[in-house]
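> Fold the following, please.
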Amino acid sequence: VQPWEYVIILGAAIGAFIIGNQGAVLKGTIGVIGKIFMGPAYKKQAYLELLGMQFAMYKLVQAKGILALEQHVENPKNSTLFNAFPTFAKNHHAVEFVCDYMRMVTLGSNNVHEMEALMDEELETHHQEQERMVGAFQSLADGTPAL
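Below is the predicted model of the structure:
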C-alpha cells in the first residue's frame, strides 16, 4: 500500500478537474455532490403539492377568469396562491417557469403549439446546464485511470 501514490493521483485529478472546467461548472459541482449524498430533493409530497397548486390555479381561472391570474403571476413572492404551497414557492426555477408561461396566457397568446415549443426549449436548456456538471464528472472518471 502506497498512501502517497493515492495523494498524488487525487491531487492530479482535482487539479485537472479545476483546470479543465469553467467557473460556473466548478460552482455547480458543489451542489451536485451535495445532491448525491442527500438524495432526491422532491418526494411524493412535493409532487402532490404541485398538483394541488395547479388545481387551485385552474380553479381560480374557471371561477374568475384568466385575468385573475395576473396579480399572482406579476408578483409571485406576494401571491397568496403560490405561497399556499411552500415547497413550490421555494423553487424559484419552477415559479419563474409557471409565471412566464401563465403571463403569456394572460396576455392573450393562444397558440398552444408555439408555447409548447418554447416550454420544451426552456426545459432542454435547463437540462443541458445541469448535464454540464455530470459531463465534468464523467471526464474526470474517464481520465483518472490514466493518472
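
> contacts and neighbour counts: CA atoms only from here.
Fine.

> helices or strands next to the lowest-mean-pLDDT helix or strand in the chain in the packing?
Lowest on mean pLDDT, DSSP states H and E among the helices and strands of the chain sits helix 23-38, with a mean of 81. For helix 23-38, the helices and strands in contact under the criterion 3 or more CA pairs under 8 Å, 6 or more residues apart in numbering; DSSP states H and E are helix 112-143.

> Run the angle between the helix it packs on and helix 23-38 for me.
Orientation of helix 112-143 against helix 23-38 (axes from the mean of the first three to the mean of the last three CA atoms, to 10 degrees) gives an angle of 80 degrees.

> Quick check: buried residues in helix 112-143?
119, 132, 133, 134, 136, 140 (16 or more other CA atoms under 10 Å).

> Pull the most distant pair out of the residues you listed.
When CA to CA is used, the two most widely separated members of the buried residues of helix 112-143 are 119 and 140, lying 32.3 Å apart.

> one step back: buried stuff in the helix or strand following the least confident helix or strand of the chain?
Using DSSP states H and E, the helix or strand that follows helix 23-38 in sequence is helix 44-64. Going by neighbour count (16+ other CA under 10 Å), the buried part of helix 44-64 is 49, 50, 53, 57, 60.
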